[in-house]
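*Asks:* Here is my input, please return the structure:
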Amino acid sequence: MSTFIHETAIVSPDARLGEDCNIGPFCTVGAEVTLGRGVSLDSHVVVDGRTTIGDGTHVFPFASIGLAPQDLKYAGEPTSTEIGKRNHIREFVTIHRGTTGGGGLTKIGDDNLFMAQAHVAHDCQIGSSVIMANAATLAGHVEIADRANVGAYSGIHQFCRVGLEAFVGGYSVVVKDAPPYAIIQGNHAKCYGLNKVGLKRRGYSKETIEKLHHAYRLLLTARLNTSQAVERIKAEISDCPEVDILVKFIESSKRGVVK
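*Replies:* Take a look at the predicted model:
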């Protein structure tokens, strides 16, 4: 099959389109846009700026990708948006390009789901197999690790991180780093311990879950400060890569972790 462009779409002759793309009615595709093989833009989608969208990504009506960031310091300098393969970007999602002050790149991995009205601000870095529910919002410079979930109407503060497999409940306000494998919820968000159900569903072993549960007990309920808890975790739990990921996440935090 060849690429289809609806007669009402406006596609720059300088845009690069892969095979089997589908550009629906009233879409706009800018001059610096690159679409991979099999990318589908439903009606009224706008893709602009120095933007790359990977193979098999489906963008639903009224989404806006690669436009200028909502940053008053931004003065039109050339920055980029990179989106990986097989993403589903639902209605009214907005994804903005980077700023020079934040590295110049908003980057998204593969196999993610962005539900309707979700927002990814400038310079965010999102992994793969992430779910952002309806109207979930990332401020600038946020990092989301693989397989994390951000619930509906939640907001993540600038420069925060959401760890691997973390689950942020709906309507939460996250102002510190949300640790991996945990349930985080509330305004301001608190950590409610290990997401045991999620880890079981994803095939983690009983031994791994027990070690992570012990680590979170030390972190949250042992009346230790964060540094003391990390030292106890290192001393009491060994041979568990997932616990090592948790420790590394805490030690590398610049904003502190949600507790």
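*Asks:* Am I right that Lys200 sits in a helix?
*Replies:* Yes - per DSSP: H, G, I helix; E, B strand; the rest coil, Lys200 lies within a helix segment.
*Asks:* Quick check: neighbours of the helix or strand containing Ile183 in the sheet, parallel or antiparallel?
*Replies:* Using DSSP states H and E, Ile183 sits within strand 182-186. Sheet pairing of strand 182-186 (DSSP bridges) gives strand 167-168 (parallel), strand 189-194 (antiparallel).
*Asks:* Just the mean pLDDT for the shortest one, thanks.
*Replies:* Put plainly, it is strand 167-168. Mean pLDDT, computed over strand 167-168, is 98.
*Asks:* Show residues contacting that strand.
*Replies:* Residues from elsewhere that reach strand 167-168 (CB atoms under 8 Å, 6 or more residues apart in numbering): 148-151, 154, 156, 162, 174, 178, 182-185, 189, 195, 198. From N, CA and C alone the C-beta is placed, and that goes for glycine too.
*Asks:* among these, which two are most distant?
*Replies:* Set against one another by CB to CB, the contacts of strand 167-168 have their most distant pair in Ile156 and Gly198, with a gap of 18.6 Å.
*Asks:* out of the two, which sits in the more crowded spot?
*Replies:* Ile156 (27 against 17; other CB atoms under 10 Å).
*Asks:* Strands along the stretch 101-250 of the chain, start to end?
*Replies:* 105-108, 113-114, 119-120, 125-126, 131-132, 137-138, 143-144, 149-150, 155-156, 161-162, 167-168, 173-174, 182-186, 189-194 (DSSP state E, counting those that start in this stretch).
*Asks:* Where do the helices of the stretch 151-259 of the chain begin and end?
*Replies:* Secondary structure of the stretch 151-259 of the chain, counting by DSSP state H, counting those that start in this stretch: helices at 196-201, 206-220, 226-236, 241-251.
*Asks:* circling back: can you pull the buried residues of the strand holding Ile183?
*Replies:* Using 16 or more other CB atoms under 10 Å as the test for burial, strand 182-186 gives Ala182, Ile183, Ile184, Gln185.
*Asks:* go on, stretch 110-117?
*Replies:* So, applying 16+ other CB under 10 Å, buried residues of stretch 110-117: Asp110, Asp111, Asn112, Phe114, Met115, Ala116, Gln117.
*Asks:* ok, now stretch 178-194?
*Replies:* Quick answer for stretch 178-194 (16+ other CB under 10 Å): 178-185, 189, 191-194.
*Asks:* List phi and psi for Val59.
*Replies:* phi -110, psi 120 (degrees, to the nearest 10).
*Asks:* For Ile23, state which of the contacts of strand 167-168 is nearest.
*Replies:* Of all the contacts of strand 167-168, Ile23 sits closest to Val150, with 29.3 Å by CB to CB.
*Asks:* Can you report how many residues neighbour that closest one?
*Replies:* 31.
*Asks:* Hmm, it is touching Ala133, no?
*Replies:* Yes - assessed by CB atoms under 8 Å, Val150 is found in contact with Ala133 at 6.6 Å.
*Asks:* Just the terminal-to-terminal distance for stretch 116-123.
*Replies:* In stretch 116-123, first residue to last residue: 21 Å (CA to CA, to the nearest Å).
*Asks:* Ok, stretch 231-241 next?
*Replies:* The stretch stretch 231-241 measures 16 Å between its terminal residues, going by CA to CA.
*Asks:* residues making contact with it?
*Replies:* For stretch 231-241, the surrounding residues in contact (CB under 8 Å, 6+ apart) are 207-208, 211-212, 214-215, 218-219, 222, 224, 243, 246-247.
*Asks:* Average the pLDDT values over that stretch and round to the nearest integer.
*Replies:* Stretch 231-241 carries an average pLDDT of 97.
*Asks:* can you check stretch 142-156 too?
*Replies:* Average pLDDT, stretch 142-156: 98.
*Asks:* how far is it from where the chain is centred?
*Replies:* Chain-centre distance of stretch 142-156: 6 Å, with CA atoms, centre = their mean, to the nearest Å.
*Asks:* ok, now stretch 196-203?
*Replies:* 20 Å.
*Asks:* what's the farthest-apart pair in the contacts of stretch 231-241?
*Replies:* Applying CB to CB across the contacts of stretch 231-241, the maximum distance is between Glu207 and Leu224, 23.6 Å.
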